[in-house]
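**Student:** would you be able to build a 3D model of this:
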Amino acid sequence: MRWRGRWSALAGALVMVAAAPAQEVVQTHVVGDRQLVTVRTRVVAGAPVPGGAGFVRLEASNLDDRGHAVAVDIRTMRWSGGGDAAVRQVFALAANERAVAFLPLPTPFPDGEIRLEVDGHAQSNHLSVQHGAAVHGLLITDRTDAAADGLAMLQALPSAASDPPAQALVRGDEVPADWRLFTGFHAVVVDGRAALPGAPQEALRRYTFAGGTILVAAADLLPAGPLRELATGATEQGRIRHGLGVVVVTDQLGGESTALRALLAPLPQVQDGPWPANRWLGAEQPIPGLGRAPVTLFLVIILVFAAVAGPMNFAWLRRRRQPQLALLTLPVLGFGTTLVILGFGLLNDGFGVRGVVQSWTLLDQGRREFAAVAARTLFAGLAPAASTMGPDTLLLAPRVVDAYDRRPDRWHYDHGTQRLDGVLPSRVATPLVTVQQAVARQRVRVQLQADGALQVSAEGGIAPVGTIVLRDFDGEFWVGTAPQLQKVTAAVAAREAGTLRRAGQAMTVRAGGSEPSAVPAYYRGYVEEESPVLAAPRDPGPLAERATAEPELPPGSYLMRVGTAPWLDEHGFGVDYDEQRHFLFGRLQREDFVR
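**Tutor:** The predicted model follows:
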């Protein structure tokens, strides 16, 4: 009891030091002495690192007997050291109507400005955004005295950070029903006594499937819903894997620190991701052939220029007896040659959108849903007018939120139209990160042949390339080059699966602007700006481990590479890819295995 009292006091002190309270701004549109419209803006910022999204809650209230057109714009202020990010929401409020909207806010979102426009009349207010510590969580609770207990659970998570964690608090009825808005938090802690409706519960379940970590206290007290249903399936160890993520169930919020650490010890360190996404996912990948001058052609052009501007030019001028014209012909020939070289360079890089992509997908054919993470580097000869970001997809532009990188990148999102402007500027190699969690239309089907081999069918819309590792529902292992598989021993399957995992874990990026170097895709270590290589690579990446749930493939699952990933959202860019690397981890249904 004495230790529990000391722990509670320590946790209370940590809350005072490390809490990151949500910021709230209230704006009122007044005409004469009448208050017509009030907009309450509450910012729930995520972790102070790129690679995810927190959210902003807008509550617009029309106090008038007639309708009003209301637009809210929240944008960064460039002088505050951040990039150019903005979100927009438009309300058409009827008389005495109240509306609520949740908008994504890329992390870390610096200080910004809130602009309220009502019927064409605008006002602006400063928005000061407070960020948390290196480990930043979200606590969902209706109790005002639960902050210390929530922080105790975050403190018990495996972490490489030495600083105490921070958390943002929201009530159960203020939780967004959008899974993307939790990706900016290292973990979400849910108090089972919170009045958490079914739609936000489904959003939290989808966040888990996409790789999130959720800690649920007293799950049996939650209202009926998808999260409660998922949490009731936890193992004796209090954990259940779901998609790429994990749910941990405890009897109470908070508790004794040693017991909490023992319960959470099997989890990976929160810095390993997937959310917030690892820094290397947002690093620039080299695009083959981009920016490489056609050396032979340029040499020929220069030799032709030397011949024309020299002997031929002076011979022509001598015949005309106007040698003074060399003052005109030499600059013209030089300028023309420069234009020719520049033109060939532009044509060589192209005017469309090209690039490279590497993706990792978990396809659960039983649930008919998938989670995917795609790291792209794209080059647009001409910038596209706009891109799209639907409700199942989050598109991140890591350079936009880089406080020390003054680039032309923008991230301007209109929540009503789902348009995203400025993420792909012209003639600049731009890294982008996409995360998806959606219904799956593709699936892998296999059929046992008369000769004892397994044949991967092409009917499911998935075209594998290279080696496939599969384990059937009887526990037998199959390995082969697509589409034929042969039965093998567990040792052979483990070796081939390890090869696939290592291939999926490595990602070639440009480190510090130097030559490309192969680094792990989910390494969260520090690298000097000048360093071209990473000195401490990690073991095979956690995406593969999270997808397969255990070191060896469970029955009814497979690993493979595919030539294309038609389920990935291309955001309307129309990319002509120079290189694609797609890794697929899947779980079969029994009906997908035909004998």
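
**Student:** partner strands of the helix or strand hosting Ala85, parallel or antiparallel?
**Tutor:** Using DSSP states H and E, Ala85 maps to strand 84-93. Looking at strand 84-93 with DSSP bridges, its partner strands are strand 68-76 (antiparallel), strand 410-414 (parallel).

**Student:** what's the helix or strand just after it packed up against?
**Tutor:** Sequence-wise, the next helix or strand downstream of strand 84-93 (DSSP H and E) is strand 98-106. For strand 98-106, the packing partners by 3 or more C-beta pairs under 8 Å, 6 or more residues apart in numbering; DSSP states H and E come out as strand 53-62, strand 84-93, strand 410-414. Every residue, glycine included, has its C-beta placed from N, CA and C.

**Student:** now the angle from strand 98-106 to strand 84-93?
**Tutor:** Strand 98-106 and strand 84-93 are oriented at 170 degrees to each other (axes from the mean of the first three to the mean of the last three C-alpha atoms, to 10 degrees).

**Student:** what about the helix or strand that strand 98-106 is followed by, distance to the chain center?
**Tutor:** Going down the chain from strand 98-106, the next helix or strand is strand 112-118, by DSSP H and E. Averaged C-alpha coordinates place strand 112-118 at 27 Å from its chain's average position (C-alpha atoms, centre = their mean, to the nearest Å).

**Student:** for strand 112-118, name the packing helices and strands.
**Tutor:** strand 23-31, strand 34-44, strand 68-76, strand 121-127.

**Student:** 10 Å instead?
**Tutor:** Packing contacts for strand 112-118, counted by 3 or more C-beta pairs under 10 Å, 6 or more residues apart in numbering; DSSP states H and E, involve strand 23-31, strand 34-44, strand 53-62, strand 68-76, strand 84-93, strand 121-127.

**Student:** coming back round to it: how about the strands paired with strand 84-93 in CSV, adding distance to Gln589, mean neighbour count and mean pLDDT?
**Tutor:** Shown next, in CSV, are those (distance: least, C-beta to C-beta, whole Å; neighbours: other C-beta atoms under 10 Å; pLDDT from 0 to 100):
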stretch, distance to Gln589, mean neighbour count, mean pLDDT
strand 68-76, 44, 20, 95
strand 410-414, 37, 21, 92
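
**Student:** in CSV: those strands, plus distance to Leu36.
**Tutor:** CSV is the format used below for these (distance: least, C-beta to C-beta, whole Å):
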stretch, distance to Leu36
strand 68-76, 6
strand 410-414, 24
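
**Student:** to Ala210, which of these lies closest?
**Tutor:** With C-beta to C-beta as the criterion, Ala210 lies closest to strand 410-414 of those, at 18.9 Å.

**Student:** quick one: residues in contact with that closest one.
**Tutor:** Outside strand 410-414, the residues that touch it by C-beta atoms under 10 Å, 6 or more residues apart in numbering are 53, 73, 75-76, 83-90, 103-106, 386-387, 389, 395-401, 419-425.

**Student:** averaged pLDDT, whatever helix or strand comes next after that strand. What do you get?
**Tutor:** Downstream of strand 410-414, the first helix or strand assigned by DSSP H and E is strand 419-421. Per-region confidence: strand 419-421 scores 92 on mean pLDDT.

**Student:** now swap in stretch 89-99 and tell me
**Tutor:** Stretch 89-99 carries an average pLDDT of 97.

**Student:** could you shift the numbering so residue one becomes 16, and keep it that way?
**Tutor:** Yep, numbering from 16; the last one is stretch 104-114 now.

**Student:** buried stuff in stretch 240-257?
**Tutor:** Buried residues in stretch 240-257, counted by 16 or more other C-beta atoms under 10 Å: Gly240, Pro241, Leu242, Arg243, Leu245, Ala246, Ala249, Gly253, Ile255, His257.

**Student:** want to throw those residues into JSON lines with distance to Asp206 and secondary structure?
**Tutor:** Compiled in JSON lines, the buried residues of stretch 240-257 are given as follows (distance: C-beta to C-beta, whole Å; DSSP: H, G, I helix; E, B strand; the rest coil):
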{"residue": "Gly240", "distance to Asp206": "14", "secondary structure": "coil"}
{"residue": "Pro241", "distance to Asp206": "17", "secondary structure": "helix"}
{"residue": "Leu242", "distance to Asp206": "12", "secondary structure": "helix"}
{"residue": "Arg243", "distance to Asp206": "13", "secondary structure": "helix"}
{"residue": "Leu245", "distance to Asp206": "16", "secondary structure": "helix"}
{"residue": "Ala246", "distance to Asp206": "13", "secondary structure": "helix"}
{"residue": "Ala249", "distance to Asp206": "17", "secondary structure": "coil"}
{"residue": "Gly253", "distance to Asp206": "16", "secondary structure": "coil"}
{"residue": "Ile255", "distance to Asp206": "18", "secondary structure": "strand"}
{"residue": "His257", "distance to Asp206": "20", "secondary structure": "strand"}
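
**Student:** partners of the closest residue in space to Glu189 that isn't next to it in sequence in the sheet?
**Tutor:** Using C-beta to C-beta, 6 or more residues apart in numbering and skipping residues adjacent in sequence, the residue nearest Glu189 is Arg72, 6.3 Å away. On the basis of DSSP bridges, Arg72 is bridged to Arg57, Phe117.

**Student:** Arg72: how many residues sit nearby?
**Tutor:** 20 (other C-beta atoms under 10 Å).

**Student:** mind listing what it touches?
**Tutor:** By C-beta under 10 Å, 6+ apart, the residues touching Arg72 are 37, 39, 55-59, 115-118, 185, 189-191, 196.
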